[in-house]
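>>> need a 3D model of the sequence below.
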Amino acid sequence: MKKTFIILATVATMLVACKNDPKNKEAKTGDATEIKNDSAGQKYTIVASESSLNWQAYQTLANGGHKGTINIAGGELSVNSGNIRGGNFTMDMTSITPTEMPEPEKQAKLQKHLKSPDFFDVEKYKDAEFTIAEVVKGNGDSATIKGNLKIKDMTNMIEFPAIIKMEDGKITATASFSIDRKKWKLNYMSEKSFGDKIIKDMIDIDFNIVVKK
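Below you'll find the predicted structure:
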């Protein structure tokens, strides 16, 4: 009986841990990389109203964490001979919004905290930006995107898999990955002294970018 209880407790612990771990694979991260612009490429403009970015953060606390959205503000891609040669897109950090909280008062409180210096300090850093260094085609619509992600005053290289569909006059890029927030100095509540309220280092990112001529 005691052995059965131990097994059940172990399984339950594993299930809780999985539920509170990032679902996306971690993006490869390193020092900021050199960006080479292709001035000969054709320019495609990001359609902000059709683009989106979703995020999810996790806590050690059972069922802890939050998720939400950030608006894509704009940007462009450079395309040469059917290949993406460069580009960038900007995220409006003042738009960061938690979406899973049904109580308006709690949602507003969390949103205010996310905008504060504890997290993204949006009064000082209104935008975050991703700048493409390289796009390598894989099989079918698969690709690997490499570039620099700037959040606040920190810039790191990230590399992640994506699906890129190119049609006449329109490109759609979707990707899901996770990043270690501490590499951008987003350290709030990462210390062990917070116990089961620790915010985990990894944050899931899912984006859908639409660009048109």
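
>>> what's stretch 202-213 in contact with?
21-24, 26, 42-47, 50-58, 67, 72, 75-77, 87, 89, 169-181 (CB atoms under 8 Å, 6 or more residues apart in numbering). Every C-beta, even on glycine, is put in place using the N, C-alpha and C of the backbone.

>>> show me what contacts residue 24?
With CB under 8 Å, 6+ apart, residue 24 has these contacts: 176-178, 204-206.

>>> repeat that with 10 Å
56, 160, 175-179, 202-206 (CB atoms under 10 Å, 6 or more residues apart in numbering).

>>> buried subset of these?
56, 160, 175-179, 202-206 (16 or more other CB atoms under 10 Å).

>>> could you list the low-pLDDT ranges of this structure?
1-20, 61-63, 191-197 (pLDDT under 70).

>>> where along it do the strands fall?
28-31, 42-46, 52-58, 65-80, 83-98, 127-137, 142-151, 154-167, 170-180, 202-212 (DSSP state E).

>>> can you add distance to residue 190 and give those back as CSV?
Shown next, in CSV, are the strands of the chain (distance: least, CB to CB, whole Å):
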stretch, distance to residue 190
strand 28-31, 16
strand 42-46, 32
strand 52-58, 11
strand 65-80, 14
strand 83-98, 19
strand 127-137, 19
strand 142-151, 15
strand 154-167, 15
strand 170-180, 10
strand 202-212, 11
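
>>> can you say which of those is nearest to residue 109?
strand 83-98 (9.6 Å; CB to CB).

>>> go through that closest one and flag the buried ones.
Buried residues in strand 83-98 (16+ other CB under 10 Å): 84-93, 95-96, 98.

>>> and these, which two are the farthest apart?
85 and 98 (36.3 Å).

>>> burial measure for residue 81, as a count.
8 (other CB atoms under 10 Å).

>>> residue 130 is in contact with residue 27, correct?
No - in this structure, residue 27 is not within contact of residue 130 by CB atoms under 10 Å, at 11.0 Å.

>>> show me whatever sits in contact with both of those two.
Contacts common to residue 27 and residue 130, judged by CB under 10 Å, 6+ apart, are 145, 149, 158.

>>> would you list those residues in CSV and tack on neighbour count and distance to residue 125?
As requested, the shared contacts of residue 27 and residue 130 are exported to CSV (neighbours: other CB atoms under 10 Å; distance: CB to CB, whole Å):
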residue, neighbour count, distance to residue 125
145, 21, 23
149, 22, 13
158, 21, 18
